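> Quick one, structure for this:
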Amino acid sequence: MSMKSGRSAEMKAKELGVSVFDLYKWGRDMKEIKQTEVVREPKTLAAYNAYTESLKKELARLT
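Just a heads-up that it's a prediction; the model follows:
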């Protein structure tokens, strides 16, 4: 698990004060979040307005 820093997972875990296993779990969790929570911005004003309305309805449903 280098994730671009060039340091080993063991070194990173030690620096952060966590176990290597927690570091790997965090990496898996972040990868899963990135894959499942892709939000695309509306490209047109009509799409933006529709998206805004859908968010308002969801907010009303949750409150």
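> Going by C-alpha atoms from here, please, whenever you check contacts or count neighbours.
OK.
> now the residue sitting furthest away from the middle of the chain: how far from residue 12?
Largest separation from the mean C-alpha position in the chain: residue 46, at 27.2 Å (C-alpha atoms, centre = their mean). Using C-alpha to C-alpha, to the nearest Å, residue 46 is found at 46 Å from residue 12.
> cool, and residue 50?
Counting by C-alpha to C-alpha, the gap from residue 50 to residue 12 is 44 Å.
> cool, and residue 54?
For residue 54, the distance to residue 12 - C-alpha to C-alpha - is 42 Å.
> Have a look at those two and say which one is more surrounded.
Between residue 54 and residue 12, counted using other C-alpha atoms under 10 Å, residue 12 has the larger neighbour count: 18 against 12.
> before we move on, what SS does that one have?
Secondary structure, DSSP: H, G, I helix; E, B strand; the rest coil: residue 12 is helix.
> Helix or strand next in line after the helix or strand bottoming out on mean pLDDT in the chain, which one?
Every helix and strand in the chain was compared by mean pLDDT, DSSP states H and E; the lowest is helix 20-36, with a mean of 81. Downstream of helix 20-36, the next assigned helix or strand under DSSP states H and E is helix 45-62.
> Give me the contact list for that following helix.
41-42 (C-alpha atoms under 8 Å, 6 or more residues apart in numbering).
> can we see that at 7 Å?
Helix 45-62 is contacted by residues residue 42 when judged by C-alpha atoms under 7 Å, 6 or more residues apart in numbering.
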